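S.K.: Generate coordinates for the sequence data below:
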Amino acid sequence: MPIRSPRGRAAAYRAVWAWPLRTPLRLAVTVVVVLGLAVLVSLAVGALRPPAQTPAVTKPGATTTTTGARAPASPTPTALPPVAALTPTTLPLSAAPAEALQVAQNWATAWATHPAGTTNQQWVDSLVPYTTPEYVGTLTGVDPANIPATRVTGSATATQVSPASVVVDVPTDALTLQVTVVDTEAGWRVSGYDRA
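M.R.: Prediction:
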């Protein structure tokens with residue numbers, strides 16, 4: 001079994017590593033020095049790195065002349081091409097599909113129909129045939145007792161028509177519902193509602 005002596009290479013290393021741990025002041029000084037060295041190294045590396053070249057911007061119609069050797073062309077573009085502003089396609093209100101209006105009317109009728117004692121599950125089940133599966137999950141958190149309307153008082157009218165969606169207003173005895181109906185693989189289904 002080796003015997004540790006106060007002399008030798010291992011003892012010298014042990015003395016170096018043990019020095020900062022002898023007092024809290026030495027530990028704090030060691031941490032500050034190490035952080036300072038890390039900052040200096042990162043600044044030195046940043047100073048040695050060549051500056052990034054930015055493409056020259058010229059005004060339309062201006063000519064530029066360059067002297068010297070040209071840099072090789074980059075295989076990847078450095079700027080994205082311009083993109084035209086996106087505008088949603090809207091159709092006239094008369095182009096609203098009758099099926100979408102009927103689904104909104106049926107959904108609003110089921111939404112407003114909640115006699116006393118109706119459970120959330122019964123209420124949601126009445127909405128399922130007219131609702132997207134994703135939105136059914138949202139409706140499971142609604143308490144039918146908190147719905148102020150009890151009946152639909154008018155017919156559904158389109159307020160915004162797109163090729164794959166229609167926003168429909170349906171009046172009730174308490175408020176006007178703004179129902180969003182979307183075209184799905186299963187037909188037109190309600191994907192959301194709000195108060196108009």
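S.K.: residue contacts, the spatially most central residue of the chain?
M.R.: Centroid check for the chain by Cα atoms, centre = their mean gives E134 as the closest residue, at 17.6 Å. When contacts are counted by Cβ atoms under 8 Å, 6 or more residues apart in numbering, E134 touches S191. Heads up, the C-betas are built off the backbone N, CA and C, glycines and all.
S.K.: Does it belong to a helix, a strand or coil?
M.R.: helix (DSSP: H, G, I helix; E, B strand; the rest coil).
S.K.: low pLDDT regions in this structure?
M.R.: The model of the chain has pLDDT under 70 over residues 1-6, 51-80, 86.
S.K.: Just the helices from it, written as ranges.
M.R.: Listed in chain order, the helices of the chain (DSSP state H) span 9-18, 24-48, 98-112, 120-127, 133-139.
S.K.: can you redo those helices as CSV with distance to D183?
M.R.: Listed next are the helices of the chain as CSV, based on distance: least, Cβ to Cβ, whole Å:
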stretch, distance to D183
helix 9-18, 71
helix 24-48, 55
helix 98-112, 8
helix 120-127, 18
helix 133-139, 14
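S.K.: nearest to V181, of those helices?
M.R.: For these, the distance to V181 is smallest for helix 98-112, at 4.6 Å, taking Cβ to Cβ.
S.K.: Give me the contacts around that closest one.
M.R.: Residues from elsewhere that reach helix 98-112, judged by Cβ under 8 Å, 6+ apart: 123, 126-127, 129-131, 147, 149-152, 155-158, 166, 168, 170, 172-173, 177, 179, 181, 183, 187-190, 193.
S.K.: mind checking how far G192 is from A116?
M.R.: 27 Å (Cβ to Cβ, to the nearest Å).
S.K.: Between those two, which has more neighbouring residues?
M.R.: Taking neighbours as other Cβ atoms under 10 Å, G192 and A116 compare with G192 leading, 15 against 6.
S.K.: Having no further points to raise, I will conclude here.
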